[in-house]
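> Make a model of this:
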Amino acid sequence: MTCVPCVTWVKRGVAKERPDKVQLNPEELAELIKESKEEIGDLDGDDENMDTVDLDPREIKSSKKHKIKKEKKAKPDEDDDDDDAINDEEDDDIVKAYGLDDYDDEDADDGDPLSIGGLTFYASNAQDPYITLKEDSDDEEEASIIKPTDNLVVVAKAQNEFCNLQVFVYNENEGDLYGHHDIYLPAYPLAIECMNFDPGTDKPGNLVAVGSMEPTIDIWDMDIMESIEPALTLGTKQSKKKKKSKKKGALGGHTDAVLDLSWNHHARNVLASASADYTVALWDMSQGTAVTTLRQHKEKVQTIQWHPYEPQSLLSGGFDKSVIVYDCRSPEETHRNWKLGGEIERVVWDHFNPTYFLASTDQGYVYYVDSRTDKPVFTLNAHSGAVTALSLSSQVRGCLVTGSEDKAVKVWDIADSKPSCVTEKNMKIGPIQCASCCPESGFIFAVSGEKEFRVWDIRDNTDVRGQFEGRSASASEVSSAPNLEMDTVDALDDLCIDTEEKDTDGKDAIKTETENVVSFSAKSTDSTASSTASKTKKKRKKKKK
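The predicted structure follows:
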């Protein structure tokens, strides 16, 4: 089974023009082969000690001490005995002819071109005498170049037990989309976050953080092709014997799967992670440690996002139907909680209206909330299934794209808090998992589903062009908020400190009046009736550890 759980973009000009390649000399490659063989030997040793009583008899392989023959039920008839003897002789002839006695031997000759050692001994294809068709190095080098006008699309993909990151190059002007390189992942990916930050140097980087079914976060350098290990790993894996309760995330990291990630664009060494252990962790990537753990949620924390302009403000949503906004300078006292009608799937700040955010639920609703008030500004009945994708246009005010388990992707106009569906499309990629807008082009979205991912230019639809004509803004015009970009924060001291000047209940700067609360059940442009959410909740199958 194939699934694409998450997809995101890398801004133009961030990636290295000519990515580096991992070059292994013969000694390093031989060492890797040796380690792999030792690991395989350990696995085989475990298999030999396995209690065969619990195995399906059809899966138990014959030992090479036994003859390779088809077992027959013994009969007293002498003629049958003669037939069995003839069959045994024929089987023995087959075994000798094809060398089946040595078929399962592990100590194969490394010099044999058909052995693992023979296939993997050479540091490059050019050195391998068995590869006679040489690739054109000039064409290969040209294809690996990333232009300043290129975006990267990073796609996390799982196919059966094989998981990887696929890096695509997208050029809007030329309409090109092609695979550039991929990175093997050791665990099923659940969240990815790109970061223009490298904790090992003062220069900007091109890294991607990956949250998975493991409690750790792997950070990969996308400017290195054919990487075999992450540049940095945050947290530690818990042994099965010493595994802690899901409800108690440790200060040193998480104890369960990492469900979402968010990089702080202003305090650039800060990464936030949401986990199935009910906690949010704040990481100082310069130190490689979690320095703060937020425990306000009572269930799994599904989604998080840092505020686009306020480096101390963090938004989170969980399976406890709660959305929480924290002031990370004093998160215990200055957080604010909203209870919504369903388990929270996605949250996103409105970068055009920085005090507002959107939250989607497993019941098919999208809520638009002013963080200064107690109730949603509007409630949108968006889909018949869980709204698993929620993305605002990076440049077009009021343009919202949602995706759902009902396989539909919809474009909404939410300007003036009066949402209307502009168009709807079935991407034919199964239930939708994620949607992300191109940073430089507000009409181009990457959408991932159960089967594959697609890049969709919503301007292909005439209704979209007519609805949003003249609304597109340049990156500098997206918001009038001041540029608050900060240098590296020393161990998060500037974010996670107890402030003395605050009201006793932590709400001195929060207005409590409710403004213009309106509820909508919007229609699709090509549907005859609005869909209504079921009053009886259907428990959706959640991500399991």
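
> Specify which residues of the stretch 1-150 of the chain, grouped into ranges, have pLDDT under the cut-off.
23-29, 32-33, 35-91, 93-141 (pLDDT under 70).

> Kindly report the same for the stretch 401-545 of the chain.
Within the stretch 401-545 of the chain, the ranges that satisfy pLDDT under 70 run 473-545.

> ok, now with 80
Along the stretch 401-545 of the chain, the model assigns pLDDT under 80 to residues 472-545.

> Tell me which stretches of this structure form helices.
Using DSSP state H, the helices of the chain run over 26-48, 78-98, 116-120, 137-144, 462-467.

> Okay, buried residues for the last one please.
If you call a residue buried by 16 or more other CB atoms under 10 Å, then helix 462-467 has these buried ones: 464, 467. From N, CA and C alone the C-beta is placed, and that goes for glycine too.

> Other residues contacting it?
With CB atoms under 8 Å, 6 or more residues apart in numbering as the contact definition, helix 462-467 has outside contacts at 411, 413, 422-423, 443, 458-459, 525.

> now do 7 Å
Identification of contacts with helix 462-467 by CB atoms under 7 Å, 6 or more residues apart in numbering yields 411, 413, 422-423, 458-459, 525.

> Buried subset of these as a ChimeraX selection?
In ChimeraX syntax, the buried subset of these is picked out as below (16+ other CB under 10 Å):
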select :411,413,422,423,458
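
> With distance to residue 317 as extra columns, can I get the contacts of helix 462-467 in JSON lines?
Output for the contacts of helix 462-467, formatted as JSON lines (distance: CB to CB, whole Å):
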{"residue": "411", "distance to residue 317": "23"}
{"residue": "413", "distance to residue 317": "24"}
{"residue": "422", "distance to residue 317": "25"}
{"residue": "423", "distance to residue 317": "27"}
{"residue": "458", "distance to residue 317": "25"}
{"residue": "459", "distance to residue 317": "31"}
{"residue": "525", "distance to residue 317": "29"}
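
> Just flag the most distant two among the contacts of helix 462-467.
By the measure CB to CB, 459 and 525 form the most distant pair in the contacts of helix 462-467, at 16.1 Å.

> Give me the pLDDT value at the residue nearest to residue 322 when sequence neighbours are not counted.
With sequence-adjacent residues excluded and distances taken as CB to CB, 6 or more residues apart in numbering, residue 322 is closest to residue 337, at 5.5 Å. Residue 337 is assigned a pLDDT of 96 by the prediction.

> Which strand residues bridge residue 337?
Judged by DSSP bridges, the bridge partners of residue 337 are residue 324.

> Near it, how many other residues are there?
Residue 337 has 11 neighbours, counted by other CB atoms under 10 Å.

> One more: the one 4 residues further on?
When neighbours are counted by other CB under 10 Å, residue 341 registers 14.

> so where do the strands sit in the stretch 101-250 of the chain?
151-159, 162-171, 176-185, 189-195, 207-212, 217-221, 224-225, 232-234 (DSSP state E, counting those that start in this stretch).

> Does residue 183 touch residue 228 like I think?
No: here residue 183 lies out of contact with residue 228, judged by CB atoms under 7 Å, at a distance of 9.1 Å.

> Counting neighbours, what do you get for residue 452?
Using other CB under 10 Å as the criterion, residue 452 is surrounded by 16 other residues.

> Next up, the contacts around it.
Here residue 452 is in contact with 4, 429 (CB under 7 Å, 6+ apart).

> Distance of it relative to residue 155?
With distances defined as CB to CB, to the nearest Å, the gap from residue 452 to residue 155 amounts to 9 Å.

> what do these two both touch?
When contacts are counted by CB under 7 Å, 6+ apart, the set common to residue 452 and residue 155 consists of residue 4.

> ok, back up a step: output the strands of the stretch 101-250 of the chain in JSON lines; the columns should cover mean neighbour count and mean pLDDT.
Converted to JSON lines, those look like this (neighbours: other CB atoms under 10 Å; pLDDT from 0 to 100):
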{"stretch": "strand 151-159", "mean neighbour count": "22", "mean pLDDT": "96"}
{"stretch": "strand 162-171", "mean neighbour count": "19", "mean pLDDT": "96"}
{"stretch": "strand 176-185", "mean neighbour count": "16", "mean pLDDT": "94"}
{"stretch": "strand 189-195", "mean neighbour count": "23", "mean pLDDT": "97"}
{"stretch": "strand 207-212", "mean neighbour count": "25", "mean pLDDT": "97"}
{"stretch": "strand 217-221", "mean neighbour count": "24", "mean pLDDT": "96"}
{"stretch": "strand 224-225", "mean neighbour count": "16", "mean pLDDT": "90"}
{"stretch": "strand 232-234", "mean neighbour count": "19", "mean pLDDT": "95"}
